[in-house]
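1. Predicted model, plus sequence, below.
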Amino acid sequence: MDEDDSVYDEAAREAVELGNRIANDDPEADIWDVADGLLAGAIQYWLFSRQPCGDPRCEDCAPLSTAEARLAELLQTTEELASGSEYFHSPTDSNVGRA
């Protein structure tokens with residue numbers, strides 16, 4: 001790993017590479033199924049990583065101390081990551097103007 005690579009960048013790159021590898025290894029695989037499986041695993045890991053420590057007075061855990069708060073944070077993070085993706089808008093989107 002280069003010094004410029006962060007753990008975040010490495011994890012994102014590895015997830016994309018895993019999806020590509022699964023799709024390439026099984027040409028019959030539906031890439032939507034591959035993507036949904038990767039997303040399910042990513043959500044599971046994200047929720048695991050955000051579990052509160054168990055101390056009800058922990059200031060670090062307070063913002064994510066309920067399932068509802070974790071879901072709200074997950075949805076906000078997902079929206080930010082999706083809208084920042086180079087694939088968010090597609091030239092073949094149905095709402096793209098055509099001349």
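-> Nice, I can see it. Numbering: from 1, shown residues only.

2. what stretches of this structure score poorly on pLDDT?
-> 1-4, 99 (pLDDT under 70).

3. Find the residue closest to His89 in space, skipping its chain neighbours.
-> Nearest residue to His89 in three dimensions, chain neighbours excluded: Val96, at 7.8 Å (C-beta to C-beta, 6 or more residues apart in numbering). For the C-beta atoms, the positions are set from N, CA and C on the backbone; glycine is no exception.

4. what's around that neighbour, how many residues?
-> Neighbourhood size, Val96 [other C-beta atoms under 10 Å]: 9.

5. Please apply the same query to Ser65.
-> For Ser65, using other C-beta under 10 Å, the count is 17.

6. Now do the same contact list for it.
-> Counting by C-beta atoms under 8 Å, 6 or more residues apart in numbering, Ser65 makes contact with Pro52, Pro56, Cys58.

7. measure it to Pro56 for me?
-> 8 Å (C-beta to C-beta, to the nearest Å).

8. and Ala35, what helix or strand is that in?
-> Using DSSP states H and E, Ala35 sits within helix 31-49.
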